[in-house]
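> pasting the sequence and the predicted model now:
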Amino acid sequence: MGTNQESRMGYYDSRYKRVVLCCDYIRSRDDLEDTLVHELTHAFDSLRKGKFKSICHLVACGEIRASALGQCADITPEKKKNQCIWNDAVRSTEIHCGLERAEKTVREVFDNCVHDATPFQ
Ligand SMILES: [Zn+2]
């Protein structure tokens, strides 16, 4: 699924099935771990079968999961964490679907996808 080049710190390259980390932008161990978990979640999801209404739903769900498990995972309280996930998911989905559609789609799949921590739980 085409989620390449979504973040300055890394991306999952579905064509060659590899996670690419952009060392120039990674400043700390936390950056590295968050980016790696985020992109590995995309790698995992690319091999999963799922039923989605559209490619935007698929992308939005993947971004919600990758942000929830990756860069937003340690944020508290829950409300702030969900805001982090929401913002990052909309920003990444927007690249593929446009802003209006991204916001609508993230809203539709948020509750289901944010609680799906596979394969970490
Ligand atoms: Zn992503």
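All right, it came through fine.

> for the protein, which helix is longest?
helix 78-97 (DSSP state H).

> who does that helix touch, helix- and strand-wise?
Of the remaining helices and strands, those touching helix 78-97 by 3 or more CB pairs under 8 Å, 6 or more residues apart in numbering; DSSP states H and E are helix 55-69, helix 99-114. (Each C-beta comes from the backbone N, C-alpha and C, glycine too.)

> of those helices, which stretch is the most buried?
Greatest average neighbour count among those goes to helix 55-69 (a mean of 25), per mean count of other CB atoms under 10 Å.

> as a quick check, tell me the outermost residue of the chain.
With distances taken as CA atoms, centre = their mean, the residue sitting farthest from the centre of the chain turns out to be residue 24, at 20.7 Å.

> centre-most residue in this protein?
Among the residues of the chain, residue 63 comes closest to the average C-alpha position under CA atoms, centre = their mean, at 2.5 Å.

> my guess is that residue meets residue 92, correct?
Yes - taking contact to mean CB atoms under 8 Å, the distance of 4.3 Å between residue 63 and residue 92 places them in contact.

> and stretch 13-24, average pLDDT?
Per-residue pLDDT values across stretch 13-24 average out to 92.

> cool, stretch 62-72 as well?
In this model, stretch 62-72 has a mean pLDDT of 96.

> residues making contact with it?
When contacts are taken as CB atoms under 8 Å, 6 or more residues apart in numbering, the neighbours of stretch 62-72 outside the stretch itself are 1, 3, 6, 34-35, 37-39, 41-42, 45, 81, 84-85, 88-89, 92-93, 106, 109-110, 113-114, 116-117, 120.

> how far off centre is it?
4 Å (CA atoms, centre = their mean, to the nearest Å).
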